[in-house]
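A.B. asks: Here is the input, now give the coordinates:
(3 chains)
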Amino acid sequence: MTNRWGKWIAIVGMGLVAFSFLYPFLWMFVATIKPEKEITEVGLLASQYSLDNYRVLLDRIPILRALLNSFIVAVTSTVSVLIFCSLAGYALARLRFPGRGLIHNLILFTMVMPFQLTLIPLYVMMVKFGWVDTYAALILPYSMSAFAILLFRQFFLQMPQDLIDAARIDGLGELSILFRIFWPLSKPILITVGIVHFMGIWNEALWPLIVIRDEMLMTMPQMVALFAVAGQAEGQFGVQLSAAALMTLPVVIVFVFLQRYFIESMATSGLKE
Amino acid sequence: MVRQRAIAVSTCLILASIGLVLLSCTRSQESDGVQLLLWSSTNPPEMEHARALVTEWNLAHPDTFVTLQPIPEGRSGEEVLIIAAAGGTAPDICTNIPPIIAPLLADAGSLLPLDSINGARQAIEARVPEEVLATFIDNDGLLYQIPWKGNPILIQYNTTMLHDAGVDSLPQTWSEFAIAADKVTVDLDGDGAIDRRMTLFNPISEWRQRLFDFYPFFIASTGGETLLNGTEVNFDRLETERVFRFFQNGFERNWFSRSLPVGDPFVVGEKFASRITGPWNIAYTERFKGDNFEYEYGPIPVPDDYVGPKFTFGDPKSIGIFSTTDHPDAAWAFVDFYTSRSADLRLLEITSQLPLRRDLLSDSLYTEFFSQNPRMVQFAEQIPNTRGFDQNPVLQEVFDAIAMQFDAVCVHSRRTPEEGVEKAANRSRTILRLRGNK
Amino acid sequence: MKYVDPATRSVGGLAKQEAHAGRVLIAPYIIFFLIFSAYPLIFSLILVFHHWSIVGPLEWAGLDNFAELISDELFWKSIVNTLFFIAIHVPLQVVVALLLAAILNEKIPARSFFRATFFLPVVVSGVAVTVLWKQLFSTDAGLFNQVLAWFDIARVPWLSSPEWAMPSIAIMATWKNVGLYVILFLAGLQNVPRSQYEAAEMDGAGWWAKFRHITVPAINPVVVIVLILSTLGGFSLFIEPYVLTNGGPMNSTLSGVLYIFKQAFGFFRMGYAATIGLALAVIVLTVVLIQRKFVERED
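C.D. replies: The predicted model follows:
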């Protein structure tokens, strides 16, 4: 009897917690279509709904361009990470070459090296290279990742050696072994690395704030953060929220469809970090 | 092996693309005749103004071609210029130099001293009011910037609201301000929350905001002093403590809000009876105000025992010529044209910002503009009594030291004004001693 | 002359080929490492001994930057702020996540719905969450204070008082990240076979005994992860105070990274900013190492 009651209390409690996680998002989306004077109300009802805030937003900042930039940057760097880090991971896991141990240690070292240490020198480097305000500054520093290499290495270590031996006898080169034989068997790790890296870049705000100041090259998080901080929104809160909503919507949609992969990937990477 | 070569090739490709990016960033420099690159502020009226003047110049001077570009805008205008100077991508001329970073650029040798160009300094001295010009001169006695325009900071009052609260004239002194503020500040519906306050200030902890609360009041109550005197602290004085106390009192009595309300609570929300602002605000107010919204501009209130003219912060902007230019004389000729009588008329008409010139109200050329825009007269009258920034590379840090104490003393009442001023002054002295001397 | 078996010779050839392939495949990373890790690292060690406004030449500073750092109130304030953040965030995170995970571990309906819901803020950008919470936290018209008013609770100055601002940010960070830890705890709990609990019950173990002897060991590694990730998170706190408070009120939300940002891009002091970065890096590594040692000893 007490157990049944306990169960119901747990379910109601969970429902309330879930509500506190969902309602702010729901409220945000609805608030963006409310009139400015009614935005601060807790409920979702308003005297009228309109898309005016979005119109003002699109008028004031090139937010769609920022969306495109975010996409370009995140896709390019993720593809680069998948290719180059799997190369490195494969080399470290399956090929014997002089210096392998040293390089493995270097990678471990860069993983524990806090980013605060290299932030300023990296920025200075971007200035001296003339990369400030270029896609290069956004993509290249994220074109590889020590963490991804280690994940690939760990995964590739578990592959049977027979696969490689057989392929070599068939005359396949190392690249073919990696991309034609290993990759098709490595979907879980490709998905994990892909999602984790993509989300990391997609949500990154600090680095773009440092190296980009041309509006046409800004990514979403940077543009929305600047928009919320600077006076461009002219204090109109609905417009600021619309910017945040535009940034959230694609993520929510993708998450609804691929939530299993998201949760598994981020949990795996969380455990290994 | 073929595949390994493929990797080698792709690695090379990446390196090559890095190289290409590098190459594409170096400017090509082939031309016949003089070519000048001009950077202007990105805000639309200023771009329009710059475009009109550049077009006119290029028609009249086929031998000196000026190319106009908007400044890539970012976190702050300051940083963009510093990076451009550091990365070797600075233009020849920039019309949006914040005077606060001119000393830093000058120290690094990035700005051209105008004294090195024949006739330039004299022309500037003839145009700019003497006392205003004084704050633009570097500690080495040279002038690295052309003081161009200003936006005197005044207080914009919602007179409808003042009348409703029983206030019939704009406060001139702190006591008048206090009486008015106590009348205005009320909890209308009795729910414990203040619904109407006296003045909208942005209390966020950022020194830049102190340019729009502490600094104008400091300038006004000291009769036009600035924070530094050469490389010495000049704000370690009674007036500073009194300004701190004025704000502390205001926050304690809820005349001002400790948190920045969302939205526009002055013109749209009508929850504040006044706000501190410059002339750029007129157009905005006209566009968004409600039907019964009446407004007027008043001076920065001064202590009751203050006698003398009313001073304020002028929020000035300068034009600078970068030392990397190959054509300093041509650049000056263009700047001279850009700050000429007729150019300044256009500046008024297109941007509603005020040129820093002596004869603004006496020159007949501008009479018609001011008769058509009566609200601008008050700002123009203020121009000779505006102050800008001391020329010291650490001035921002001095402002920051004051901002920290403003936060603790005025907004949060955690310290006495005396302690606050002393702490700010000591911190500033340390900064000046370490890095502020040339 | 030693006799060499042809088979070995060909293996030797293969090994050479393999070594060659290894070098080629690792080459992109080496280039990446040299440009984006090694060079900045070395440059940072040069920068800390210089004054530099990024325009103009580097000026030798000797140990000036370090001397200034040691006596810099604001730097120490930022460290204290970070530790304060961690002190609130970690226990809050562990308790809430553990509670939710424990309930999710029971057979209740709509488990995967709850799991996904708690995870949603994890995937949404921190900037979006911060902009949203800026409104929720607003003193005058924010949702939280309106809801509190229904219960006759006085307004809380969430972001405008020096005492509340950092706890507010910690609460927001917990809401944003807790979903990840729910999943991690859940994984830990699910590793415990149900039979172990049943066996304990047969021995007459109560709720607390079961929790202490079965659950805690199972989730201990996750607590370590929470500790380490929250420490790293605390020391890299940036966008939340940048958008919400700019480090105020009274520098109560000034974080280490925000202070670097302010010195580098506000005052153009690259040498000093790099010095703060170096100090932060040393502190982060030390704290994480101590945590690891401490937790390992516990096991």
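
A.B. asks: so the closest residue in space to residue A:103 that isn't next to it in sequence is in which element?
C.D. replies: Among residues not flanking residue A:103 along the chain, residue C:26 sits closest, at 6.0 Å (C-beta to C-beta, 6 or more residues apart in numbering or on different chains). Backbone N, C-alpha and C define where each C-beta goes, glycine included. Residue C:26 is located in helix C:6-33, with elements delineated by DSSP states H and E.

A.B. asks: would you list every one of the helices in the stretch 51-200 of chain B?
C.D. replies: B:77-87, B:102-107, B:120-127, B:130-134, B:159-164, B:174-184 (DSSP state H, counting those that start in this stretch).

A.B. asks: So which other helices or strands are in contact with the shortest one?
C.D. replies: The elements that helix B:130-134 packs onto, with contact taken as 3 or more C-beta pairs under 8 Å, 6 or more residues apart in numbering or on different chains; DSSP states H and E, are strand B:146-150.

A.B. asks: In chain B, what residue comes closest to chain C?
C.D. replies: residue B:205 (2.6 Å; C-beta to the nearest C-beta).

A.B. asks: In terms of helix, strand or coil, where does that residue fall?
C.D. replies: coil (DSSP: H, G, I helix; E, B strand; the rest coil).

A.B. asks: who touches it in this structure?
C.D. replies: Taking C-beta atoms under 8 Å, 6 or more residues apart in numbering or on different chains as the criterion, residue B:205 is in contact with B:403-404, B:407, C:245-251.

A.B. asks: lowest-confidence helix or strand of chain B?
C.D. replies: helix B:2-25 (a mean of 51; mean pLDDT, DSSP states H and E).

A.B. asks: and after it, which helix or strand comes next?
C.D. replies: Following helix B:2-25 in sequence, per DSSP H and E, is strand B:34-40.

A.B. asks: Strand partners (parallel or antiparallel) of that next one?
C.D. replies: With DSSP bridges as the test, strand B:34-40 is paired with strand B:64-70 (parallel), strand B:93-97 (parallel).

A.B. asks: Just the CA trace of the longest one, in CSV.
C.D. replies: I take that to be strand B:64-70. Extracted C-alpha coordinates of strand B:64-70, given in CSV (Å, rounded to 0.1, in the frame of the first residue of the first chain):
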residue,chain,number,x,y,z
THR,B,64,43.2,61.6,-54.7
PHE,B,65,40.8,58.8,-54.6
VAL,B,66,39.1,57.9,-51.3
THR,B,67,37.6,54.5,-50.7
LEU,B,68,35.0,54.3,-48.0
GLN,B,69,34.6,51.2,-45.7
PRO,B,70,32.5,50.7,-42.6
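
A.B. asks: Give the buried residues for the helix holding residue C:26.
C.D. replies: Neighbour-count burial for helix C:6-33 flags C:17-19, C:21-33 (criterion: 16 or more other C-beta atoms under 10 Å in any protein chain shown).

A.B. asks: mind listing the strands for the stretch 151-299 of chain C?
C.D. replies: Here the stretch 151-299 of chain C has no strands by DSSP state E, counting those that start in this stretch.

A.B. asks: how about low-confidence regions in it?
C.D. replies: Filtered on pLDDT under 70, the stretch 151-299 of chain C yields the residue ranges C:295-299.

A.B. asks: what does the stretch 51-200 of chain C put close to chain B?
C.D. replies: Contact residues (C-beta under 8 Å from any C-beta of the partner chain) of the stretch 51-200 of chain C with chain B: C:51, C:53-56, C:64, C:68, C:135, C:138-141, C:154-155, C:157, C:159-162.

A.B. asks: ok, 10 Å please
C.D. replies: C:51-57, C:64, C:67-68, C:71, C:73-74, C:134-135, C:137-142, C:145, C:149, C:154-155, C:157-163 (C-beta under 10 Å from any C-beta of the partner chain).

A.B. asks: follow-up on the earlier one: Serialize the strands paired with strand B:34-40 to JSON lines and add fields for mean neighbour count.
C.D. replies: Output for the strands paired with strand B:34-40, formatted as JSON lines (neighbours: other C-beta atoms under 10 Å in any protein chain shown):
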{"stretch": "strand B:64-70", "mean neighbour count": "17"}
{"stretch": "strand B:93-97", "mean neighbour count": "25"}
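
A.B. asks: Make TSV from those strands and add mean pLDDT and distance to residue A:12 to it.
C.D. replies: Shown next, in TSV, are those (pLDDT from 0 to 100; distance: least, C-beta to C-beta, whole Å):
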stretch	mean pLDDT	distance to residue A:12
strand B:64-70	91	57
strand B:93-97	92	60
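
A.B. asks: what about the residue nearest to residue B:333 when sequence neighbours are not counted, distance to chain A?
C.D. replies: If you skip the residues right next to it in sequence, residue B:333 has residue B:64 as its closest partner in space, 7.2 Å away by C-beta to C-beta, 6+ apart. To chain A, residue B:64 is 27 Å away according to C-beta to the nearest C-beta, to the nearest Å.

A.B. asks: Same check on residue B:415?
C.D. replies: Distance, residue B:415 to chain A, by C-beta to the nearest C-beta: 27 Å.

A.B. asks: Same check on residue B:181?
C.D. replies: From residue B:181 to chain A the distance is 22 Å (C-beta to the nearest C-beta).
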